[in-house]
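Trainee: Got a sequence here, can you model it:
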Amino acid sequence: MNSSFFNNDIIIHNQVVKSIAYGYNFEKDFEISDCDINFNLLRHKEKIRDFKVQLFLELENFKILVEGHYEVSENINEENIDEHVKFAGLATLIPFLRYSIYTITSTTNEKGVHLPLINLQELIKNHIQKNKEEEEKQKQKPTRKKKKSSTKKK
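Mentor: Predicted coordinates for the structure are as follows:
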């Protein structure tokens, strides 16, 4: 298929639900507004154009991890690979996450929970900020020096 509507720079090998935990609470309505969402970008050790993107969503009574496996074509420069995979991976995983949540919750009393739209730029910006804060914490941790063991000769 050769069309300007399609882009073959990133190939989706698969997308899967890696884990899910759902504890239905009869006392409380399903609340999606108070959630924690995060992602990881995993690069293959040997194949620099092979990636996995993981997307986590956690609520009080619902946790899900979805993962996509992607390959970047030679058309993308090596220095731009991470940004392309991050954006394309999340752009394709978020609808998969939304569909998975709806499908799983549609068999409960919730009758299907719709995940609201996610601001992809804000998600990436928050992820970058969180990583910077973690790096700063690591730099500020005092490093322990090993004590030299002393051996006395008799």
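
Trainee: what about the strands in the chain?
Mentor: 10-22, 36-43, 50-58, 62-72 (DSSP state E).

Trainee: Now Ile11: closest residue in space that isn't a chain neighbour?
Mentor: Glu71 (4.5 Å; Cβ to Cβ, 6 or more residues apart in numbering). To be clear about C-beta, it is placed using only N, CA and C from the backbone, and glycine gets the same treatment.

Trainee: Which secondary structure element of the protein has the lowest mean pLDDT?
Mentor: Across the helices and strands of the chain, mean confidence by mean pLDDT, DSSP states H and E is lowest for helix 120-140: a mean of 81.

Trainee: Next one: Ile128 from Gln121, what distance?
Mentor: 11 Å (Cβ to Cβ, to the nearest Å).

Trainee: For the nearest residue to Asn8 once chain neighbours are set aside, give me its contacts.
Mentor: Nearest residue to Asn8, sequence neighbours excluded (Cβ to Cβ, 6+ apart): Ser73, at 6.3 Å. Shown in contact with Ser73 (Cβ atoms under 8 Å, 6 or more residues apart in numbering): Asn8, Asp9, Ile10, Ile11, Arg49.

Trainee: how many neighbours does the second one have?
Mentor: Yep, that's Asp9 we're talking about. Neighbours of Asp9 under the rule other Cβ atoms under 10 Å: 13.

Trainee: ok, now the last one?
Mentor: The local packing count at Arg49 equals 17, with neighbours defined by other Cβ under 10 Å.

Trainee: With the first one instead?
Mentor: The number of residues packed near Asn8 is 9, by other Cβ under 10 Å.

Trainee: confidence score at it?
Mentor: pLDDT, Asn8: 78.

Trainee: ok so, going back, the residue nearest to Ile11 pairs with what?
Mentor: Beta bridges link Glu71 to Ile11, Asp50, judged by DSSP bridges.

Trainee: Run through the residues that contact it.
Mentor: Each residue near Glu71 by Cβ under 8 Å, 6+ apart is listed here: Ile10, Ile11, His13, Arg49, Asp50, Phe51.

Trainee: And the residue nearest to the first one when sequence neighbours are not counted, how close does it get to Gln15?
Mentor: Spatially, and ignoring its direct neighbours in sequence, Ile10 is nearest to Ala88 (4.5 Å; Cβ to Cβ, 6+ apart). Counting by Cβ to Cβ, the gap between Ala88 and Gln15 amounts to 12 Å.
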